[in-house]
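Undergrad: have a look at this fold, sequence not included:
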Ligand SMILES: Nc1ncnc2c1ncn2[C@@H]1O[C@H](COP(=O)(O)OP(=O)(O)OP(=O)(O)O)[C@@H](O)[C@H]1O
Ligand SMILES: [Mg+2]
């Protein structure tokens, strides 16, 4: 069984500090939902509010339509997987997995049966008698998942569960988590600061910054149609060009920047005179001039050859360089360091958004 | 010459016992020497430098000699002397080394069977049993007080608060033990503060004889060794990952199960170490039972004390001291066994 989770204007404060500011969202039952944001933006705080370790200062948390105010973490239909797993080191694998059943008074035979089932699910059959210290990082990871699933939660909360693993294992576990989620069919709320994880696994993603939810959408929308300057700069690489809108209509805006007037889509309906940032992704830029309102030029600072891609870095407006990623099939010659180079893009691939805070590099 | 081979009986230093005193230091030095030589080999690391390579020959020898002398005079000789003493009859100095000075179990026997009359030595056996049971009670009481406190300090309060609490716990120990015992006596006496308050509030009519029923003894002893219990507990609980507690709670465990299943098993070595020390110290304590015990209460260390300093029967006193030591060690071992803690873990 799976339940949806609703946050209704949830604000969490620690003293004067607002860690989560009026978060409103509706996670559907059975959804794989991710929170993505930089360190310290309030992801763990949201998860602890859903699991019941924190009470919201304002607003409501509903699970399966039921208000959770005053219901402790041991009474909620959620199970939490901790950032550091928090497995019990003095218990065996089976004892760990069945701990939640033991405190519920489930008898031994039923517990053993459930443990065997779960060990099967996490691909560790017959390893129930091992001590925790005898397991590898990935195996511990899976035991933590089994321990949380054993209590048959309606919502599984995962706090950066893969961050301790090395890259290879992390990629493997991504697939495994997704598979397990499809098999058990319950709601997964997944926290990460790794956009790759969020984009590959999630049905929907909420991007957060400084306690504020910036955008809630599926991965493709987040990447192609970022709603704010923060999302545009946080998810994927992006080149920002700050300036002022000089001409705008429903679909396009012309932004006056340090590199001239540049053209981009205008999904937020900005008007003439608005402060704006025009974003063009490195893979959308190409070497060589195009139409005058989608072409700019700057000095080449460095060139990095990276196998399938070559990155050309040009002098930007601020500290950040302009990055152009050139694929193998491109026939244009790569400019030398110190040369002036013209670069351009398709008008549909420029995106003008209202000025706002950018993600820290 | 039955006993002159042994060493240092008061007032009597036969040649051969001096010889032993001269030989023992060399034996101990030799043992340390061998340990130092083997030390490098015991490490399975070929680049590890041996003891003498690290310290040089001169300094190395100096350290060994100093440590050996320290071990000799502070550890080996005093106990050896007491052991020897306990296997001898009590004799006036003139008869020492004479024909009556033989090895005997008489002192140990006198604990069980009265030397005069031959009946069971109920008083002394009773005193030992009472001391041990009372020490167990004190240990339990101490644990019951310290565990919540240590848990609170270790898990739920900030660094600032912990420092303040520690200070509040430590500062009272700057007052010496006797003064503290008397202060407690004043509080608990029949005309003391507590009784007056109780009577003033009309809770009781007549004063309660707290000291007579050993309340003072238990409170005094528990308080005396509070720190000795709290530090190992605090250390053990402090290193427990907070997430483990939350994980248990998230899985549905009520608070008491979290303590039973997660915190206490984790803190077991610390608990064992605190309990062992408190038990040993209270069973061996002298001042608190003498000042705070009731008139009918006989603490075993008082018995030992009396043999040494009132009857000048060092032989029997030593024997009793070893009986106490043996009983305590046996009990501690049994408990450690029962709770599946190894001795090594408790001194981590
Ligand atoms: N108990 C607390 N008391 C005071 N401030 C807190 C508390 N818990 C979290 N914060 C603050 O709230 C903010 C958000 O913390 P949170 O742990 O939710 O971040 P996060 O997004 O999970 O970061 P990370 O990716 O590093 O885990 C941080 O600035 C943190 O300092
Ligand atoms: Mg976090």
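TA: Perfect, I can see it now. Just so it is clear, the structure is predicted and the values come from calculations on it, not from any experiment. Numbers count the residues shown, from 1 in each chain, chains lettered A, B, ... in the order given. Ligands and ions are numbered 1, 2, ... in the order given.

Undergrad: tell me the pLDDT of residue 56.
TA: Unless you meant another one, I'm taking chain A. As predicted, residue A:56 sits at a pLDDT of 96.

Undergrad: try again with chain B
TA: pLDDT, residue B:56: 82.

Undergrad: what about it, how many neighbours?
TA: 10 (other C-beta atoms under 10 Å in any protein chain shown). Placement of C-beta: from N, CA and C, glycine included.

Undergrad: ditto for residue A:180
TA: Neighbour number of residue A:180 under other C-beta under 10 Å is 20.

Undergrad: which positions within the helix or strand hosting it qualify as buried?
TA: Assigned by DSSP states H and E, residue A:180 belongs to helix A:167-184. For helix A:167-184, the neighbour count (16 or more other C-beta atoms under 10 Å in any protein chain shown) marks A:169-170, A:173-174, A:176-178, A:180-181, A:184 as buried.

Undergrad: pick the one among the residues you listed closest to chain B.
TA: residue A:184 (16.7 Å; C-beta to the nearest C-beta).

Undergrad: tell me how far the closest one lies from ligand 1.
TA: Using C-beta to the nearest ligand atom, to the nearest Å, residue A:184 is found at 25 Å from ligand 1.

Undergrad: I figured that residue hits residue A:149, correct?
TA: Yes. Using C-beta atoms under 8 Å, residue A:184 makes contact with residue A:149 at a distance of 6.3 Å.

Undergrad: whatever residue of the stretch 1-150 of chain B ends up closest to chain A in helix, strand or coil?
TA: Chain A sits closest to residue B:147 of the stretch 1-150 of chain B, with a gap of 18.0 Å, by C-beta to the nearest C-beta. Three-state call for residue B:147 (DSSP: H, G, I helix; E, B strand; the rest coil): helix.

Undergrad: show me the contact partners of the lowest-mean-pLDDT helix or strand in chain A.
TA: Lowest by mean pLDDT, DSSP states H and E among the helices and strands of chain A is helix A:167-184, with a mean of 88. The list of residues contacting helix A:167-184 from outside it, by C-beta atoms under 8 Å, 6 or more residues apart in numbering or on different chains, reads A:32, A:121-122, A:137-138, A:141-142, A:145, A:149, A:156, A:158, A:161-162, A:165, A:188, A:190, A:197, A:200-201.

Undergrad: work out the gap between stretch B:48-60 and the centre of the chain.
TA: Relative to its chain's centre, stretch B:48-60 lies at 36 Å (C-alpha atoms, centre = their mean, to the nearest Å).

Undergrad: how far does it stretch from start to finish?
TA: 16 Å (C-alpha to C-alpha, to the nearest Å).

Undergrad: name the residues of it that are buried.
TA: B:51-52, B:55, B:60.

Undergrad: do you know how far the one residue in the stretch 151-300 of chain B that gets nearest to ligand 1 is from chain A?
TA: Proximity to ligand 1, evaluated over the stretch 151-300 of chain B using C-beta to the nearest ligand atom, is greatest for residue B:158 at 10.2 Å. From residue B:158 across to chain A, the span is 13 Å (C-beta to the nearest C-beta, to the nearest Å).

Undergrad: around that residue, count how many other residues there are.
TA: Residues near residue B:158, counting by other C-beta under 10 Å: 8.

Undergrad: for it, what are phi and psi?
TA: phi -70, psi 170 (degrees, to the nearest 10).

Undergrad: residue 202: neighbour count?
TA: No chain was given, so I picked chain A. 23.

Undergrad: wait, I meant chain B there
TA: 7.

Undergrad: same deal with the one 3 residues further on?
TA: For residue B:205, the number of neighbouring residues by other C-beta under 10 Å comes to 7.

Undergrad: tell me the SS of it?
TA: Strictly by three-state DSSP, residue B:205 counts as coil.

Undergrad: show me what the next helix or strand after the least confident helix or strand of chain A is packed against.
TA: Scanning forward in sequence from helix A:167-184 by DSSP H and E, the next helix or strand is strand A:187-192. Here strand A:187-192 touches strand A:32-36, helix A:43-51, strand A:155-159, helix A:167-184, helix A:195-201, going by 3 or more C-beta pairs under 8 Å, 6 or more residues apart in numbering or on different chains; DSSP states H and E.

Undergrad: repeat that with 10 Å
TA: strand A:17-27, strand A:32-36, helix A:43-51, strand A:78-81, strand A:155-159, helix A:167-184, helix A:195-201, strand A:204-209 (3 or more C-beta pairs under 10 Å, 6 or more residues apart in numbering or on different chains; DSSP states H and E).

Undergrad: of the contacts of helix A:167-184, buried ones?
TA: By 16+ other C-beta under 10 Å, those give A:32, A:121-122, A:138, A:141-142, A:145, A:149, A:156, A:158, A:161-162, A:165, A:188, A:190, A:197, A:201 as buried.

Undergrad: I appreciate the help and will end here.
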